[in-house]
Structures are given as structure tokens and as C-alpha cells.
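Enquirer: only the shape, not the letters, is given here:
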């Protein structure tokens, strides 16, 4: 720093010090003046009171009866004013206490449907639902599933009830989650994708903000209360679209925060939002620069928690959680498609006596049984030729308008196959990491709307995305993990529909053959003879370039962000 700059800086410091001294002197002078005025006012009141007492004494002597009644009225008025003052102070005290109390602790759920224990048991059995409630023995009455929307009457905001009226009934994950969430309980949801989990956490989230206002004066909008963290931009956008329908109906504001786009607009949206959906990386960036505060967040959702850990976001997640309200003052939800050791350890560290609801799959990884799984073992060199044959079967003739989703493993592979398909005359949209956010959004939107009925994607689209009416999933290249296989094929067979997943398997993936056989058997599917030749042992695979492709990771080591495509 130059001498001139030092002089300017020193001069500025002296000016600031002088200004601070001036302000202090002014405050001291104002205080003295105020004290003097208060003393003068007090002396005047004392003098007036003495004069009044003297006058009343004189009146009492000459007009005893009349004064008697007048004195009673004054006493009554003084007593009344005193009581009103105390009542007002008590009300203010209660309001302050109420605003600082945990909204989580103030919640309760009363089922209006009065279903019997037998009905509840049959529902759980039919839908393969398992509920693990660590506090079940301490509850006065058991919490039953909400089998109909009528169960929620007088429990949630009427505007939300009207919104739900367009659906026939709650999905299984909604039925078991809502009663616990409305009761203020932390919840872990283990469910297949496409199970309606966004509304499972979204409905109680918006009702939470409406019913339990915090930190805002009457007439003022609340700050950020609800935070949902999601692994990918596409999934975050999808969750935002669903939540926005609810916030628009109820006068709240919601925004979506993710990387790949400028921050300025996101910063402006955050300032007026009560609900934020975000990807971990961008959210931590905004936290570090002070553009967002999570200090008032008391409803936290981690969606696709297993996927976020797989992508190396463990440290980011811990930082985000640590920036929200404390454990006892925060309601925390975690949704995951799988329940590995890493996810269990994460949940144990930041959730309070969570209720775990498992839909369909237990601790074993299983696929949706409505999906017909076909596995073909082929030579790697025949992949593209085989793909063209499959497209004639699943996307030709009477199936020309059926939606087909093709998965490649790497973005370079996806780009090459995209060019090949376009050369062959197919209208195909692409979704992979080499594309800009705008291109990805346009591709996904055109596929959702049916403007383009074929999409080629890497695993960036494999998790959580709700793309309606996908008839067929083709795995051109098998994924790196069996979990990703289950998540890929879960793009079809959603919302009660059936679907087909056709997988091309090569000798290069033989280390995953045993795990794939387990998934096929778990879904009541045939295991092809060619796959059996690789053996049924579930092996761990080391690769010179990509390391270990296995599920159990040492959670004591800091996770790294590794992107394979």
C-alpha cells in the first residue's frame, strides 16, 4: 500500500473515530436531557397529587355522601386500568414466548377417519409398507395412516385441501408420512421413485409455514423457513414446480437455487422466499458469501439423500444442516431410494427419533415389480446395431409415439450415439453434462410434453425425475452400480403404470452380474442363461482409472466429488 493510500486510510479512521465520539456525546446529552424532563414530570405529578388529595379531603368534609360514591368510582377505574395493563403485559409476554417456541413441539395430528387397527394393518400389508416408530410405546394413541384426504380435514389449511381434491386418494408414502409430519415428527422415507414423495413432504411443509409463523410481525412476510436440498438441477426444478403450485395458492413465495446460471436473480428471489429448493453446491456458495441465511429454517428436507452422498456432497450437507435451527427446534425429513450404511449414519447424526417408513423394498435393493426387465448379454461391439433393432421394436409402427428413454454411461458416448440416431432419422433429445442448463431444460421439457418421444441421457437424469408415460427404458451401457440400474429403470412403470426395461449387458460388467441377478429375482423376473454364466457372487470391483465401484465407503474420510461422465 502506498504512502498516499495510508494517509487517506488514516484520515478516514480519524474521521470515523471523531464521528463515533460525536455520536456518543450526543447520546449522553440526550440521556441527561431525558432524565431531567422525566424528573421534572415526576415532581409535577407528585405536586398535582398532593393538591388533589388536599382538595378531596376538603370535599369529603363538606360533601361526605357524594364524595363516597365518587371515590369508589375512581378506585374502580384505577383497579380496572391496572388489570388491563397487566393483561396487556401478559399477552405481550405470551406472544413473545409463542414466537420463540419450537413449531415442531407445538404440532399434533388428530385422525378424522377413525379407521380401525385391522384396516390400517391390511393397508400396510397390501402396499408392502413397514413403519419403524421408536416412540410407539410412549404414544397414548397409535398414529394411523391417512387413507383418504378426509383424514386431513381441520388438520391442514383449507386452500391446500382444495388443491388435493383433484387427486383420487393419497399415495402410500403420503398416507404414512402425513400423520407423522403433521404431528411434528422427523421422518425417513425409503420408497421407489415416482411414489408421490414431493407432495408427501410438500403439503406438511407449506402448512407448517402457514400454521406456525415465526419471527414476523403481523402484516409482514416471514423469512426462509422451509429448505429442500436435492442432488441435481433437474430434480430441484421438478420439486420447485410442484411446491410453487402450493405456495401460489397460499400467498407464500418459493424459489429454486442451482448452479450453471448467474447468481444475481437467485439472490433477489431468496430475499422474498419462505421456501427454497436448492442443490448442495450452489447453496453452499451462497452461504459462504453471505447471500442466504438458514438461521430460521425449521423444516429441512433432504431428497435423494443416498444420491447426494454418492456424488460426494457429504461435507456440504453437514454444513447446510449446521446452518439451520438446532435439532430440537427443527423438523427434518429424509427421502431416499436405498438405505445403505452411509445414509443410516447420516440420519443418526442429524435427526431426532425419526420414524422410518419403507415402501416396497426393505434393506435389500429391489426394483418396481410393474417393470418387465429384459437382460441381453452381447458383444460390446454390437451395441449400436442392437440399439437400432430395439428402437424398431419399441419405437416403430404402432409404438411410434411411445416414449423411449435410452441411457448411456458417459457424456462422450451419449454425444456419439445422439449423432448416429439423428443420422438414421430419429428425432432424439439429449440430456447430459456437456449441455448448458438452458439446453438441458429445453430437452427435458420437449420430452415431458411429448414434442420429442425419444431421449438419450446419462445418469444425470436417472434419479427422481418425474417424466410421465415413459413406456420403455433401454440401458445401452450398464451403469457403474446396481443402485443406478434400479434408479434408471425406475423412470418407467411410474404412478401405477407398467413398463419395460431392456438392458444390454457385456462381459465388462460381469462383476455386477450377481447383484443384477438378485434384483431380477426380487422383481420376479427371469434370469437369462447367459447371465448365469458369469456366476452369482456379488463382487467388489477395482478399476485402475475409476477406483472401487462398491457401496460401502469409509465414512470417516472426507468425501470427494467424482463425476464419471
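Expert: Structure's in. What do you need? Since this is a predicted model, take the numbers as computed values, not measurements.

Enquirer: checking residue 375 next. Helix, strand or coil?
Expert: strand (DSSP: H, G, I helix; E, B strand; the rest coil).

Enquirer: tally of neighbours for the nearest residue to it once chain neighbours are set aside?
Expert: Using Cβ to Cβ, 6 or more residues apart in numbering and skipping residues adjacent in sequence, the residue nearest residue 375 is residue 503, 4.8 Å away. (C-beta placed from N, C-alpha, C; glycine too.) The local packing of residue 503 (other Cβ atoms under 10 Å) involves 24 other residues.

Enquirer: likewise residue 122?
Expert: 12.

Enquirer: would you mark the buried spots in the strand or helix carrying it?
Expert: Taking DSSP states H and E as the definition, residue 122 sits inside helix 117-126. Residues 120, 123, 124 are the ones in helix 117-126 that count as buried (16 or more other Cβ atoms under 10 Å).

Enquirer: gap between the two ends of stretch 420-433?
Expert: 19 Å (Cα to Cα, to the nearest Å).

Enquirer: pretty sure the residue nearest to residue 375 sits in a strand.
Expert: Yes. Counting by three-state DSSP, residue 503 is found in a strand.

Enquirer: I'd like the distance between it and residue 521.
Expert: In this view, residue 503 and residue 521 are 15 Å apart by Cβ to Cβ, to the nearest Å.

Enquirer: tell me the contacts of residue 280?
Expert: For residue 280, the contacting residues are 229, 231, 308, 313, 316, 317, 320, by Cβ atoms under 8 Å, 6 or more residues apart in numbering.

Enquirer: okay, it and residue 489: tell me how far apart.
Expert: Relative to residue 489, and taking Cβ to Cβ, residue 280 is found at 26 Å.

Enquirer: do the same with residue 312
Expert: Distance, residue 312 to residue 489, by Cβ to Cβ: 24 Å.

Enquirer: looking at the two, which is more packed in?
Expert: Shown here are residue 312 and residue 489; by other Cβ under 10 Å, residue 489 has more neighbours (28 against 16).

Enquirer: next, that one: phi, psi?
Expert: phi -70, psi -20 (degrees, to the nearest 10).

Enquirer: do residue 271 as well
Expert: According to degrees, to the nearest 10, residue 271 has phi -60, psi -30.

Enquirer: give me the mean pLDDT for stretch 368-385.
Expert: The pLDDT scores in stretch 368-385 average 91.

Enquirer: tell me where the model's unsure across the protein.
Expert: For the chain, applying pLDDT under 70 flags the ranges 1-113, 192-194, 215-220, 361-367, 460-465, 537-565.

Enquirer: domain parsing for it?
Expert: Structural domains of the chain, as assigned by automatic domain parsing, span the residue ranges 117-214+221-359, 371-548.

Enquirer: ranking those by burial, who's on top?
Expert: domain 117-214+221-359 (a mean of 19; mean count of other Cβ atoms under 10 Å).

Enquirer: quick one: contacts for the nearest residue to residue 379 once chain neighbours are set aside?
Expert: Spatial nearest neighbour of residue 379, chain neighbours left out: residue 506 (7.1 Å); criterion: Cβ to Cβ, 6+ apart. Contact analysis of residue 506 by Cβ under 8 Å, 6+ apart lists 377, 378, 379, 380, 383, 478.

Enquirer: name the SS class of the residue nearest the centre of the chain, please.
Expert: Ranked by distance to the mean C-alpha position of the chain (Cα atoms, centre = their mean), the top residue is residue 228 at 2.4 Å. Recorded secondary structure, residue 228: strand (three-state DSSP).

Enquirer: contacting residues for the residue nearest to it when sequence neighbours are not counted?
Expert: Nearest non-adjacent residue to residue 228, counting by Cβ to Cβ, 6+ apart: residue 301, 4.1 Å away. Residues near residue 301 by Cβ under 8 Å, 6+ apart: 201, 205, 226, 227, 228, 229, 332, 333, 334, 335.

Enquirer: name the element the first one belongs to?
Expert: Following DSSP H and E, the helix or strand that holds residue 201 is helix 197-211.

Enquirer: in terms of secondary structure, what does that helix contact?
Expert: Counting by 3 or more Cβ pairs under 8 Å, 6 or more residues apart in numbering; DSSP states H and E, the packing neighbours recorded for helix 197-211 are helix 158-164, helix 172-182, strand 187-190, strand 226-229, helix 233-250, strand 275-278, strand 299-303, strand 331-336.

Enquirer: direction included, what does the third one pair up with?
Expert: Here the strand partners of strand 187-190, with direction, are listed using DSSP bridges: strand 331-336 (parallel), strand 355-359 (parallel).

Enquirer: residue 474 bridge partners, please.
Expert: Beta bridges link residue 474 to residue 406, residue 502, judged by DSSP bridges.

Enquirer: use 742 as the first number from now on
Expert: Okay, residue one is now 742; in that scheme the one you just asked about reads as residue 1215.

Enquirer: quick check: it touching residue 1146?
Expert: Yes. In this structure, residue 1215 is within contact of residue 1146 by Cβ atoms under 8 Å, at 7.3 Å.

Enquirer: angle of the helix holding residue 942 against strand 1040-1044?
Expert: 170 degrees (axes from the mean of the first three to the mean of the last three Cα atoms, to 10 degrees).

Enquirer: tell me how far helix 938-952 lies from the chain's centre.
Expert: Here the centre of helix 938-952 is set off from its chain's centre by 10 Å, with Cα atoms, centre = their mean, to the nearest Å.

Enquirer: so what touches that helix?
Expert: Applying Cβ under 8 Å, 6+ apart, the external contacts of helix 938-952 come out as 844, 848, 897-898, 901, 905, 912, 914-915, 918-919, 922-923, 930, 932, 963, 966-967, 969, 979-980, 983-984, 987-988, 991, 993, 1015-1016, 1039-1040, 1042, 1044, 1072, 1074, 1076, 1207.

Enquirer: could you redo the last one with a cut-off of 6 Å?
Expert: Helix 938-952 is touched from outside by 897-898, 901, 914-915, 918, 922-923, 930, 966-967, 980, 983-984, 987, 991, 1015, 1040, 1042, 1074, 1076, with contacts defined as Cβ atoms under 6 Å, 6 or more residues apart in numbering.
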